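In: Structure for the following, please:
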Amino acid sequence: MLELSILGFLYETPLHGYELRKRITALTGHVRPVGESTLYPAIKRLEKAGLLVRETRPGPAAAPRQVLTLTPAGRDELRRRLADAEGPEVTDENRWFTLLAFLRHLDDPAAQAVVLRRRLAFLEEPSSFFYDGDRPLRAEELDDPFRHGILTVARATSRAELAWLRTTLAELESA
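Out: Numbering: from 1, shown residues only. Below you'll find the model as predicted:
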């Protein structure tokens, strides 16, 4: 998620580390806070791989800033990661939202639709947070009001997302 976020935000515009950290925190910080000890090693890995470059530019005050810019290889890597997204990238809600934040950078509507179809297939499978053996339990089958609440909220969220996915897929496929 972190590397995808770095690539995605830098795809849009060059940024210095502090601004990049603020944007990533706004997107995913509620799940996992992004500290400097996590962000800067990821930046160094991407830089070493040739996916981004640093450039020293004057800061608004006295101190210069290291501005990060995506290379053409970095732009290609972001598009590859978006197009190839499957497994946890489409089944884990937090990873999915990160991916969805940058899916517009995959220029081909057909390729975008392929990714959305993977998420749709996942959501259409019967599932639950709670099971009786292999059978998923529905909210109405639970006496526990808190577990009932989890399933009620999850069902409403899934219905909204399914409606959005179907509408968006229809739009992409008619383009």
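In: tally of neighbours for Leu7?
Out: Counted with other CB atoms under 10 Å, residues neighbouring Leu7 total 23. C-betas here are computed from N, CA, C, even on glycine.
In: Now do the SS call for the closest residue in space to it that isn't next to it in sequence.
Out: Spatial nearest neighbour of Leu7, chain neighbours left out: Leu78 (4.1 Å); criterion: CB to CB, 6 or more residues apart in numbering. Classification of Leu78 by DSSP: H, G, I helix; E, B strand; the rest coil places it in helix.
In: pretty sure Leu78 contacts Leu70?
Out: Yes - contact criterion CB atoms under 8 Å: Leu78 and Leu70 qualify, at 7.5 Å.
In: Common neighbours of these two, please.
Out: Residues touching both Leu78 and Leu70 (CB atoms under 8 Å, 6 or more residues apart in numbering): Leu7, Tyr11.
In: Contacts only, for the residue most central in space within the chain.
Out: For the chain, Thr98 is the residue whose C-alpha lies nearest the centre (CA atoms, centre = their mean; 1.4 Å). Applying CB under 8 Å, 6+ apart, we find Thr98 in contact with Met1, Leu4, Ser5, Gly8, Leu27, Thr28.
In: Mind naming the longest helix for the chain?
Out: In the chain, taking DSSP state H as the definition, the longest helix is helix 145-174.
In: Now do that helix, average pLDDT.
Out: Mean pLDDT, helix 145-174: 94.
In: Which strands or helices does it pack on?
Out: Contacts defined by 3 or more CB pairs under 8 Å, 6 or more residues apart in numbering; DSSP states H and E place helix 145-174 against helix 109-124.
In: Give the next helix or strand downstream of the helix it packs on.
Out: The first helix or strand that comes after helix 109-124 along the chain, using DSSP states H and E, is strand 131-132.
In: What pairs with that following strand, parallel or antiparallel?
Out: strand 135-136 (antiparallel) (DSSP bridges).
In: Let me see the residues that make contact with the partner strand.
Out: With CB under 8 Å, 6+ apart, strand 135-136 has contacts from Pro126, Ser127, Ser128, Phe130.
In: quick one: pLDDT of the residue nearest to the centre of the chain?
Out: For Thr98, the model assigns a pLDDT of 93.
In: gap between it and Ala63?
Out: Distance, Thr98 to Ala63, by CB to CB, to the nearest Å: 31 Å.
In: One more: Tyr18?
Out: In this view, Tyr18 and Ala63 are 11 Å apart by CB to CB.
In: Repeat that for Ser174.
Out: Taking CB to CB as the measure, Ser174 falls 51 Å from Ala63.
In: got it, and Pro126?
Out: 56 Å.
In: next one: Arg75
Out: Taking CB to CB, one finds Arg75 at 29 Å from Ala63.
In: who's more crowded, the two?
Out: Using other CB under 10 Å as the criterion, Arg75 and Ala63 rank with Arg75 on top: 16 against 7.
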